[in-house]
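A.B. asks: Sequence and predicted structure below; questions after.
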Amino acid sequence: DAGVTQSPTHLIKTRGQQVTLRCSPKSGHDTVSWYQQALGQGPQFIFQYYEEEERQRGNFPDRFSGHQFPNYSSELNVNALLLGDSALYLCASSNGGGYYEQYFGPGTRLTVT
Amino acid sequence: GDSVTQMEGPVTLSEEAFLTINCTYTATGYPSLFWYVQYPGEGLQLLLKATKADDKGSNKGFEATYRKETTSFHLEKGSVQVSDSAVYFCALTDNDYKLSFGAGTTVTVRA
């Protein structure tokens, strides 16, 4: 049973560039949430996708956007990258649009130079 | 808004020592509470949870009790092993779609 997978594992970008991160949920899950984890801090909620719609959004600017595909996989896009966007980006999947039992992927480490 | 405050680390212990990590929360409703663990190089794993007051969550020798009167959810383990070295996160959800996490506590267990 495949767990949550994310790609790429690591990424280095330059300020002002755009980046796309990808996530495949655990088998049987239909909901994907994205979190940003800065070094030495706890994860911060970015947004959640359910039924291909953004269901809720945290305190992140519009530079952060996402998408969910019919197969439930998801992308996180960040435009106009800032140095402060350097972080570990975690994807979590769950079932039915809820918050229980969110299963996390290993994350994508984004470095902005 | 909702928030979680956890004991600052790092915490260094010897094997078989007793571990306590304090966690207190602020929430407007009746949240569900969680402890997640992050091993080096891995993603977050749910360690245990409690969904209502006085519930005790337990897993792998770890326990935490949901105390509404003190708004706390302290994590305990009676005898730690080297393999318990990790970062531990307390989290809550206030019947919402998101998890709110504490800053994390790094635990190192020496043989």
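C.D. replies: Ah, there it is.

A.B. asks: How many residues are close by the residue in chain B positioned nearest to chain A?
C.D. replies: Closest to chain A within chain B is B:Phe101: 3.3 Å, counting by Cβ to the nearest Cβ. (Each C-beta comes from the backbone N, C-alpha and C, glycine too.) Counted by other Cβ atoms under 10 Å in any protein chain shown, the residues lying close to B:Phe101 total 23.

A.B. asks: Next one, pLDDT for the residue nearest to it when sequence neighbours are not counted please.
C.D. replies: Distances taken as Cβ to Cβ, 6 or more residues apart in numbering or on different chains place A:Gly42 nearest to B:Phe101, at 3.3 Å, with adjacent residues excluded. A:Gly42 carries a pLDDT value of 93.

A.B. asks: Provide the count of other residues in contact range of the residue of chain A found nearest chain B.
C.D. replies: Chain B sits closest to A:Gly42 of chain A, with a gap of 3.3 Å, by Cβ to the nearest Cβ. A count of nearby residues for A:Gly42, using other Cβ under 10 Å, gives 22.

A.B. asks: where do the strands sit along chain A?
C.D. replies: For chain A, strands defined by DSSP state E occupy the ranges A:5-7, A:10-13, A:19-24, A:31-37, A:44-50, A:53-57, A:64-68, A:74-78, A:87-94, A:103-104, A:108-112.
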